[in-house]
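>>> got a predicted model here, sequence first, then my questions.
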Amino acid sequence: HASQPLRCRLLTEVFLALLLMLLAYKTGWFPTNGMRSLDHAGLSAGGKVLDVLHHLALPALVLATVPLASRTRQMRANLLDVLRMDYVTTARSRGLPESRVIGRHALRNALNPLITLFGYTLGGLLSGSFLVENVMGWPGLGRVTVEALLNRDLYLILGAVLMASTVLVLGNLVADLLLLASDPRIRHD
């Protein structure tokens with residue numbers, strides 16, 4: 001079924017968000033909801049930034065952890081494929097240390113598919129954030145979009161879709177620029 005991976009990812013995000021909320025509640029290390037503390041207005045400029053970052057830590061951790069497993073698995077598969085290539089075998093036969101063979105020859109080529117997926121991951125982070133925002137009480141674009149859908153606010157929905165599309169396009173542009181910088185075979189004169 002086509003929607004099965006999406007459903008699994010969303011359930012994982014909700015479960016991890018609830019688990020981290022429980023951890024934050026039990027330990028008191030992190031705030032359990034909102035974007036700012038109650039005393040935010042009385043803080044210095046640096047204190048305000050640190051306060052927002054402290055509130056952002058758990059939602060960012062949830063959104064970064066969920067795609068990490070699949071990207072790690074993909075990187076491992078790419079690296080295993082590249083390590084079987086002839087140029088890696090040639091580098092080993094020339095007596096290069098294994099760390100240099102992996103770092104200079106194999107790793108750079110194994111990163112290309114992951115860099116390509118970077119733009120897609122950015123778009124997925126933005127579109128998947130609405131559940132995490134609602135569970136963790138973070139006022140963000142996902143939460144505003146869900147409220148706009150419930151209120152049938154067409155213009156706000158169009159703005160949210162435009163914003164998500166812009167992030168996806170910019171993410172793909174950054175991925176293309178990173179590919180250009182990392183792989184000399186892509187450069188065209």
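Right, received. Where do you want to start?
>>> next one: residue 69 from residue 142, what distance?
Per C-beta to C-beta, to the nearest Å, residue 69 is found 22 Å from residue 142. Every residue, glycine included, has its C-beta placed from N, CA and C.
>>> neighbour-wise, which of the two wins?
Neighbours around residue 69 and residue 142, counted as other C-beta atoms under 10 Å, are more numerous at residue 142. The numbers are 20 against 10.
>>> name the helix or strand for the more buried one, please.
helix 141-151 (DSSP states H and E).
>>> now swap in residue 31 and tell me
Using DSSP H and E, residue 31 falls outside every helix and strand.
>>> with residue 37 instead?
Short version: residue 37 belongs to no helix or strand, going by DSSP H and E.
>>> my read: it touches residue 51, true?
Yes. Look at residue 37 against residue 51 with C-beta atoms under 8 Å: they come within range, at 5.3 Å.
>>> give the buried residues for the helix or strand hosting residue 69.
Under the criterion of DSSP H and E, residue 69 resides in helix 45-83. Within helix 45-83, the residues scored as buried using 16 or more other C-beta atoms under 10 Å are 51, 55, 56, 58, 59, 62, 63, 66, 67, 78, 82, 83.
>>> what do you get for stretch 103-112?
Using 16+ other C-beta under 10 Å as the burial criterion, the residues of stretch 103-112 that qualify are 105, 106, 109, 110, 111, 112.
>>> send me it as PDB with only the CA atoms.
Listed next in PDB are the C-alpha coordinates belonging to stretch 103-112 (Å, rounded to 0.1, in the frame of the first residue of the first chain):
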ATOM      1  CA  GLY A 103      37.400   8.600   3.400                       C
ATOM      2  CA  ARG A 104      38.800   9.900   0.100                       C
ATOM      3  CA  HIS A 105      37.500   7.400  -2.400                       C
ATOM      4  CA  ALA A 106      34.400   5.600  -1.200                       C
ATOM      5  CA  LEU A 107      32.600   8.000   1.100                       C
ATOM      6  CA  ARG A 108      32.500  10.900  -1.400                       C
ATOM      7  CA  ASN A 109      30.800   8.800  -4.000                       C
ATOM      8  CA  ALA A 110      28.500   7.100  -1.500                       C
ATOM      9  CA  LEU A 111      27.200  10.500  -0.300                       C
ATOM     10  CA  ASN A 112      25.800  11.500  -3.700                       C
END
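>>> good, we can wrap up now.
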